[in-house]
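# I'll drop the sequence and a predicted model, then ask my questions.
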Amino acid sequence: MAKVGLFYGSTTGKTADAAEQLQAALGGDTVVELYDIAECSADDFADYEYLIIASPTWDIGQLQADWEGFFPDLDDIDFSGKTVAYFGTGDQAGYDDNFMDAIGILEEKISELGGKTIGYWPTEGYDFNESRALRNGKFCGLALDDDNQAEETEARIKAWAAQIKQEMQL
């Protein structure tokens, strides 16, 4: 079984594409198993010590629809002893007052339930006003913006993959 469970929600396909790129950067499906949150139950999280949670920010600072539907089920998961990294997709120009809010919402909840957050990402190179994903001046996970900075996505995924490989000791 893979060492890492990567749980994502995706409406337009951008987050799903990024999840596949990250899976490849971390070593493929023998290391990372992908789960579309629309098809998951709380039990799917049980076998993993390491998790990656991925979501686009939808509408104005909202969770993506599949994550919104799953959000109450997070209470049924024991996150104690689990190491969790986050990444999100968003639009820093069109939604500069809530850029990456979805991963901030998920990280806050999962941390309250015992998950240990890793994979903090610098805010340099982004232009936004506010974000619920900020923790001590950094994003609580990787921030991707294919709407405005698509040329940065591949390099950001590779750099973050190297970072969390080290933090997860993969």
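Ah, there it is.

# any idea how far residue 68 is from residue 48?
According to CB to CB, to the nearest Å, residue 48 and residue 68 sit 22 Å apart. Just so you know, the C-beta spots here come from the backbone N, C-alpha and C atoms, and that holds for glycine as well.

# which non-adjacent residue is nearest residue 14?
residue 89 (4.9 Å; CB to CB, 6 or more residues apart in numbering).

# which residues does the one you found contact?
14-15, 18, 54-57, 144-146 (CB atoms under 8 Å, 6 or more residues apart in numbering).

# Distance check, the nearest residue to residue 49 once chain neighbours are set aside against residue 169.
Take residue 49 and drop its neighbours on the chain: the residue closest to it by CB to CB, 6+ apart is residue 82, 6.0 Å away. Separation of residue 82 from residue 169 (CB to CB): 14 Å.

# ok, the two, which is more surrounded?
For residue 82 versus residue 169, neighbours defined as other CB atoms under 10 Å are more numerous around residue 82 (19 against 8).

# which ones are touching the more buried one?
With CB under 8 Å, 6+ apart, residue 82 has these contacts: 45, 48-51, 114-116.

# can you rerun that using 10 Å?
Residue 82 sits next to 5, 45-46, 48-51, 110, 113-116 when contact means CB atoms under 10 Å, 6 or more residues apart in numbering.
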